[in-house]
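Chemist: just to be clear, the model below is a prediction. Sequence and coordinates:
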Amino acid sequence: MKNLILTTAAMAMAGSFAFADAHSVVRLGTEGAYPPYNFINDDGEVDGFERVLGDELCARAELTCEWVTNEWDSIIPNLVSGNYDVIIAGMSITDERDEVIDFSEAYTQPDPSAYLVASEDVDLANGVIAAQTGTIQASFVASSGATLLEFASPDETVAAVKAGEADAVLADKAYLAPIADADSEVSLLAQEELIGGGVGLGLRESDGELREKFNLAIASMKADGTLNALIAEWGVGEQF
């Protein structure tokens, strides 16, 4: 066990020196399965709001970046271990996560969380609510008194509702709304939940210099209206 801890610590320390060389590559880690924030397109490449945003932030910060995909349930541990340098994956800023990693300034406002259902006759207080593991929605459901049914990927939560395994799925409205529009078997309830502190980049606590570079880039995109234009284009919430 001690060797495992030392190895993990060494990997995290190695990651903290990744930016000593001005020519090093900054690795952007994303899930690639949460449209419109991030997804894999027909060419097998990362696409979506955060792909465009991430490329622009790297250009403004004068950083050379590459994209890495990682499953959601291990996305924070693999950042800490040095498998990539930044999380850009629709991750809401929360106090719990901030105890483990640092966050940049928010690049979206808090997006309302919505309920997707197969029938509008649902008892949200006492029913079975599906949510993706490790999300702010899963934490919200767990504390609400309803029965939480967790899944590793967002599409599995929707499948659970359609199969009758869950009464509803709680997720970002930006993710669920296109599904409801395209599938007559499901719909969104009027009730929404406003949770989380907006979405930001996740970084190791030791990478303060890199965080500040991205903060300056985010601020410049807010100042010139570029970020609001992207938010409107991809429909990921209210503008700044």
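Modeler: Looks like it arrived, so ask away.

Chemist: only C-alpha atoms from now on, for both contacts and neighbour counts.
Modeler: OK.

Chemist: show me where pLDDT drops low in this protein?
Modeler: Low-confidence segments of the chain (pLDDT under 70): 1-23.

Chemist: what's near enough to touch the most centrally placed residue in the chain?
Modeler: Central residue of the chain (Cα atoms, centre = their mean): residue 90, 2.2 Å from the mean position. Counting by Cα atoms under 8 Å, 6 or more residues apart in numbering, residue 90 makes contact with 34, 37-38, 50, 199-200.

Chemist: before we move on, what about residue 236?
Modeler: 36-37, 108, 111, 174.

Chemist: break down this structure into its helices, ranges please.
Modeler: For the chain, the helices defined by DSSP state H occupy 2-16, 49-60, 75-80, 95-98, 136-142, 154-162, 173-182, 208-223, 226-234.

Chemist: do you know which of those helices lies nearest residue 148?
Modeler: helix 136-142 (5.8 Å; Cα to Cα).

Chemist: CA atoms only for the closest one - export them in CSV, please.
Modeler: Extracted in CSV, the C-alpha atoms of helix 136-142 (Å, rounded to 0.1, in the frame of the first residue of the first chain):
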residue,chain,number,x,y,z
ILE,A,136,-23.7,17.2,-9.1
GLN,A,137,-27.1,15.7,-10.1
ALA,A,138,-26.2,12.4,-8.4
SER,A,139,-25.3,14.2,-5.2
PHE,A,140,-28.5,16.2,-5.4
VAL,A,141,-30.7,13.1,-5.8
ALA,A,142,-28.9,11.3,-3.0
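
Chemist: so what touches that helix?
Modeler: Contacts for helix 136-142 (Cα under 8 Å, 6+ apart): 92, 113, 129-132, 147-148, 150, 170-171, 195-196.

Chemist: how about those in JSON lines, adding neighbour count and distance to residue 26?
Modeler: Shown next, in JSON lines, are those (neighbours: other Cα atoms under 10 Å; distance: Cα to Cα, whole Å):
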{"residue": "92", "neighbour count": "23", "distance to residue 26": "21"}
{"residue": "113", "neighbour count": "22", "distance to residue 26": "31"}
{"residue": "129", "neighbour count": "29", "distance to residue 26": "37"}
{"residue": "130", "neighbour count": "30", "distance to residue 26": "34"}
{"residue": "131", "neighbour count": "32", "distance to residue 26": "31"}
{"residue": "132", "neighbour count": "25", "distance to residue 26": "27"}
{"residue": "147", "neighbour count": "18", "distance to residue 26": "40"}
{"residue": "148", "neighbour count": "23", "distance to residue 26": "36"}
{"residue": "150", "neighbour count": "19", "distance to residue 26": "32"}
{"residue": "170", "neighbour count": "27", "distance to residue 26": "33"}
{"residue": "171", "neighbour count": "27", "distance to residue 26": "29"}
{"residue": "195", "neighbour count": "18", "distance to residue 26": "30"}
{"residue": "196", "neighbour count": "20", "distance to residue 26": "27"}
